[in-house]
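In: pasting the sequence and the predicted coordinates here, then a few questions.
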Amino acid sequence: MIARCDRAIVEAFQDARWPPVDWCFELLSAWWVKSLLIIGIALLADLLRPRLPPAALVATVAYFAAAGIAEGLKAAIGRPRPPVADPSIHPLVALPGSGSMPSGHAATAFAAALAAALVHPRLRFPLLALAGLVAISRVWLGVHYLSDVLAGAALGSAVAVAAWLTLRAVARASRARARSGASATSARPRRAGAGREEQHARQPPRA
């Protein structure tokens, strides 16, 4: 059932191709959109409204983690890409040699986009919309099935949440240690001053 739907969607997209739309999806599928563009937006948001942990850091960690996990799953699952399974499907871009499930583009785009959106919630709609277009571009271009990009989006989202929770916990622990260290440092002079006052009070008055 899923395989039939996947094939039908890829074929429908191929029949609907139109050069201006093809160009847009080829642009959205470029490597720098899912990486440099999304992380760059996160960095700009950090500069305008600093947060801890920084969105650019969380997005970068999530991006590389999702990329590594996706490549491992592709090798383990070994699903052929649409043009390999069906020679009547003609991809519009060079066909990667890796497996089809899950989509690495969808995984990394959603990982970086959601990670940045968790730190800066105002960015969630534009960033997730951009990640969705990156994912759909892979189906339109004929190099992935719809289930591939849905699996990639789910993987990337899970990685983004995990990265955000982990780095947020680290940032909070660092802030707590910094506060306790500052409190201990400021308390030392007060204790020393109190000790001197007590020693002075104990001295007998001079005749």
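Out: Yes, it's here.
In: drop to CA atoms for contacts and neighbour counts, all remaining ones
Out: Noted.
In: how distant is whatever helix or strand Ala66 lives in from the center of its chain?
Out: Here Ala66 sits within helix 55-77, counting by DSSP states H and E. Taking C-alpha atoms, centre = their mean, to the nearest Å, the mean C-alpha location of helix 55-77 is offset from the chain mean by 8 Å.
In: now do stretch 163-180
Out: 19 Å.
In: now do stretch 17-31
Out: Centre to centre, stretch against its chain (C-alpha atoms, centre = their mean), the figure for stretch 17-31 is 23 Å.
In: now do stretch 71-79
Out: 20 Å.
In: how about residues contacting it?
Out: Residues outside stretch 71-79 that contact it (C-alpha atoms under 8 Å, 6 or more residues apart in numbering): 98-102, 104.
In: the most centrally placed residue in the chain: what's it in contact with?
Out: The centre of the chain sits closest to Ala112, judged by C-alpha atoms, centre = their mean, with a distance of 2.2 Å. When contacts are counted by C-alpha under 8 Å, 6+ apart, Ala112 touches 34-35, 38-39, 58-60, 62-63, 156, 160.
In: spatially nearest residue to it, not counting backbone neighbours?
Out: Spatial nearest neighbour of Ala112, chain neighbours left out: Ala59 (4.2 Å); criterion: C-alpha to C-alpha, 6 or more residues apart in numbering.
In: neighbours of that neighbour, how many?
Out: A count of nearby residues for Ala59, using other C-alpha atoms under 10 Å, gives 33.
In: and the gap between it and Gly142?
Out: 27 Å (C-alpha to C-alpha, to the nearest Å).
In: do Ile38 as well
Out: Applying C-alpha to C-alpha, the value for Ile38 to Gly142 is 24 Å.
In: ok, Leu44 next?
Out: Where Gly142 is concerned, Leu44 sits at a distance of 33 Å (C-alpha to C-alpha).
In: and those two? Which one has more around it.
Out: More crowded of Leu44 and Gly142, by other C-alpha under 10 Å: Gly142, with 22 against 13.
In: pretty sure that one sits against Ile9.
Out: No - contact between Gly142 and Ile9 fails when scored by C-alpha atoms under 8 Å: they sit 10.0 Å apart.
In: that older thread, any idea which element the residue nearest to the centre of the chain lies in?
Out: Going by DSSP H and E, Ala112 is in helix 104-119.
In: would you mark the buried spots in whichever helix or strand comes after that helix?
Out: Next along the chain after helix 104-119, taking DSSP H and E as the criterion, comes helix 124-140. For helix 124-140, the neighbour count (16 or more other C-alpha atoms under 10 Å) marks 124, 127-128, 130-140 as buried.
In: with just CA atoms, put helix 124-140 into CSV.
Out: What follows is helix 124-140, C-alpha atoms only, in CSV (Å, rounded to 0.1, in the frame of the first residue of the first chain):
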residue,chain,number,x,y,z
ARG,A,124,9.3,28.1,13.8
PHE,A,125,6.9,28.8,10.9
PRO,A,126,9.4,30.2,8.3
LEU,A,127,12.1,27.7,9.2
LEU,A,128,9.8,24.6,9.3
ALA,A,129,8.2,25.7,6.0
LEU,A,130,11.7,26.0,4.4
ALA,A,131,12.5,22.5,5.7
GLY,A,132,9.3,21.1,4.3
LEU,A,133,10.0,22.6,0.9
VAL,A,134,13.5,21.1,1.0
ALA,A,135,12.0,17.7,1.8
ILE,A,136,9.3,17.9,-1.0
SER,A,137,12.0,19.0,-3.5
ARG,A,138,13.6,15.6,-3.2
VAL,A,139,10.3,13.9,-4.3
TRP,A,140,9.7,16.4,-7.1
